[in-house]
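Colleague: Kindly return the folded structure for what I paste below:
(chains A and B)
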There are 2 protein chains.
Amino acid sequence: MEGAIDLPSGFIPSSLSQSTILGIYGLSSLLIVSLLWLLSLRLPKLSTTDRLLMCWFIFTGLTHIIFEGYFVFSPQFYKDKTGFFIAEVWKEYSKGDSRYALRESNVVSIEIITVSLVGPACLLALYAIATRKSYSYILQLVISMAHLYGLVVYYLTSYLDGDKFAESLYYYYAYFVIANAAWFVIPCLIVVRCWNKICGACKAQQQGQSKSKVY
Amino acid sequence: MEGAIDLPSGFIPSSLSQSTILGIYGLSSLLIVSLLWLLSLRLPKLSTTDRLLMCWFIFTGLTHIIFEGYFVFSPQFYKDKTGFFIAEVWKEYSKGDSRYALRESNVVSIEIITVSLVGPACLLALYAIATRKSYSYILQLVISMAHLYGLVVYYLTSYLDGDKFAESLYYYYAYFVIANAAWFVIPCLIVVRCWNKICGACKAQQQGQSKSKVY
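Modeller: The predicted structure is shown next:
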């Protein structure tokens, strides 16, 4: 895996350091999540899990819409010379997966779905949790299934094409494996929780219907 | 779109005619679905919609496991000289989408998920509907979301790569568009139905909890 990777001609390496990019992304995310947490404390009847889920959905929703949205609509991001932050993020991420700079159809198609459907759905989930809508669990489940399906296709296509898209083993593990792992672990937890909640509600309704037929 | 398409070297064209392939596939599917319909009539408390859904899930589940299963485990199907029926099916289908014969990573990754997870889940859905399990709706919804996500990636990757994989416009529409349309229309209907059923159950449970707090 060590060595040169295919990159499109005209690729201009990131002008920001890794720590600057990760620092800005991490701190701005932390700021938004902290603000949302404080706001959520003013909403009644929400459990700590609900508040944590709201933090997750604002983080992932804004990441999809802002960062991945820029990627979808900027096929030439890798030529950017202005030092625009989001272009720098994608140039840096391309060290872990050059398919982004090469604009391979499998990653672009997953990103189109993520930006146009999953991102807005995450913000709707935030609203649904805050206002305790009856569709809250099912929406969370559908979003998390989309995260999981997308991630499995993302990993499988790379594996089938020879896992040859990272500049080094460090970037492979840091960006391709570890940075994406959150979109595996957290959706799995949400799917299990929502599955149990929905099954419980369906069971209660079934039992209610059986009782009302008996009496 | 008319004209030669890329095919792997050593590709042996299908020895069966289109009508033979479609006839055998259609009649065997019809036989299995009819048998299941007759069996389902012996199960009490099932609505016509439930019975129709059982027919859909046995059809799609067996298609995934048998036909797509063969594809996943037979990378050399296009060299088959024995006239084995399922190899002939895939040779014929490759006229509408040569990515199957070329074994492109985006179709193979979708097929791996479909064969290993979605197919068995379809048979579980069949059992869940027949025995009125509390997880029946949520399982149907998850399967249908997987069908939809997979199909959108399938179409988008072809579009992004130039829609150049069909032998002619006839095969493009007949195989690539129309034959796959069932996996768009039916999952959409199932998602809407399950969404409504689950929301109804969650709403009823929420109202029940509110009432029990009032009294």
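Colleague: what's the burial count for residue A:67?
Modeller: 18 (other C-beta atoms under 10 Å in any protein chain shown). Heads up, the C-betas are built off the backbone N, CA and C, glycines and all.
Colleague: My guess is it contacts residue A:86. True?
Modeller: Yes - Residue A:67 is within contact range of residue A:86, at 5.9 Å (criterion: C-beta atoms under 8 Å).
Colleague: And residue A:14, its phi and psi?
Modeller: phi -60, psi 140 (degrees, to the nearest 10).
Colleague: Just list the residues touching residue A:153, thanks.
Modeller: Taking C-beta atoms under 8 Å, 6 or more residues apart in numbering or on different chains as the criterion, residue A:153 is in contact with A:106, A:110, B:106, B:109, B:110, B:113, B:153.
Colleague: for residue A:86, that is, sorry about that
Modeller: Taking C-beta under 8 Å, 6+ apart, one finds A:66, A:67, A:70, A:71, A:77 in contact with residue A:86.
Colleague: mind checking how far the first one is from residue A:32?
Modeller: By that I understand residue A:66. As judged by C-beta to C-beta, to the nearest Å, residue A:66 and residue A:32 stand 10 Å apart.
Colleague: what does chain A have sitting close to chain B?
Modeller: Proximity of chain A to chain B (C-beta under 8 Å from any C-beta of the partner chain) is limited to residues A:105-106, A:108-110, A:112-113, A:132, A:134-138, A:141-142, A:145-146, A:149-150, A:152-153, A:156-157, A:160-161, A:195, A:197-206, A:208.
Colleague: how about 7 Å then?
Modeller: Residues of chain A lying close to chain B by C-beta under 7 Å from any C-beta of the partner chain are A:105-106, A:108-110, A:112-113, A:134-135, A:137-138, A:142, A:145-146, A:149, A:152-153, A:156-157, A:160-161, A:195, A:198-199, A:201-206.
Colleague: Of the residues you listed, grab the buried ones for PyMOL.
Modeller: The buried subset of those, as determined by 16 or more other C-beta atoms under 10 Å in any protein chain shown, is captured in PyMOL by this line:
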select buried, chain A and resi 105+106+108+109+110+112+113+134+135+137+138+142+145+146+149+152+153+156+157+160+161+195+198+199+201+202+204+205
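Colleague: which residue packs closest to the residue nearest the centre of chain A, ignoring adjacent ones?
Modeller: Closest to where the C-alpha atoms of chain A average out (C-alpha atoms, centre = their mean) is residue A:60, at 4.6 Å. Excluding the flanking residues, the one nearest residue A:60 by C-beta to C-beta, 6 or more residues apart in numbering or on different chains is residue A:122, at 5.4 Å.
Colleague: In contact with residue A:126: list those residues for me.
Modeller: By C-beta atoms under 7 Å, 6 or more residues apart in numbering or on different chains, the contact set of residue A:126 is A:54, A:57, A:58, A:61.
Colleague: Do you have the strands of chain A handy? List them.
Modeller: Counting by DSSP state E, chain A has no strands to list.
Colleague: Figure out how far the helix or strand of it with the lowest mean pLDDT is from the centre of its chain.
Modeller: Between all helices and strands in chain A, the lowest mean by mean pLDDT, DSSP states H and E belongs to helix A:180-214, at a mean of 89. Remark: helix A:180-214 is offset 23 Å from the chain centroid, using C-alpha atoms, centre = their mean, to the nearest Å.
Colleague: and if you look at stretch A:132-146?
Modeller: Centroid separation for stretch A:132-146 versus its chain: 15 Å, with C-alpha atoms, centre = their mean.
Colleague: and the residue nearest to residue A:60, how many neighbours?
Modeller: 25.
Colleague: give the contact list for it.
Modeller: Taking C-beta under 7 Å, 6+ apart, we find residue A:122 in contact with A:57, A:60, A:61, A:64, A:143.
Colleague: swap the cut-off to 8 Å and go again
Modeller: If you count contacts by C-beta under 8 Å, 6+ apart, residue A:122 has them with A:57, A:58, A:60, A:61, A:64, A:143.
Colleague: Between the residues you listed, which sits nearest chain B?
Modeller: Nearest to chain B out of those is residue A:143 (C-beta to the nearest C-beta; 9.9 Å).
Colleague: I'd like to know how many residues surround the closest residue to the closest one other than its chain neighbours.
Modeller: What sits nearest to residue A:143 in space, not counting adjacent residues and going by C-beta to C-beta, 6+ apart, is residue A:121, at 5.1 Å. If you count neighbours by other C-beta under 10 Å, residue A:121 ends up with 20.
Colleague: separation between residue A:121 and residue A:68?
Modeller: 13 Å.
Colleague: now residue A:149
Modeller: Applying C-beta to C-beta to residue A:149 and residue A:68 gives a distance of 16 Å.
Colleague: Out of the contacts of residue A:153, flag the one nearest to residue A:39.
Modeller: Closest to residue A:39 out of the contacts of residue A:153 is residue A:110 (31.1 Å), distances taken as C-beta to C-beta.
Colleague: you'd agree that closest one is up against residue A:154?
Modeller: Yes - under the criterion of C-beta under 8 Å, residue A:110 makes contact with residue A:154 at 5.8 Å.
Colleague: quick one on the thing from earlier: out of the contacts of residue A:126, who has the most neighbours?
Modeller: Counting by other C-beta under 10 Å, top hit in those: residue A:57 with 25 neighbours.
Colleague: I'd say that one and residue A:128 touch.
Modeller: No - using C-beta under 8 Å, residue A:57 makes no contact with residue A:128, being 9.1 Å away.
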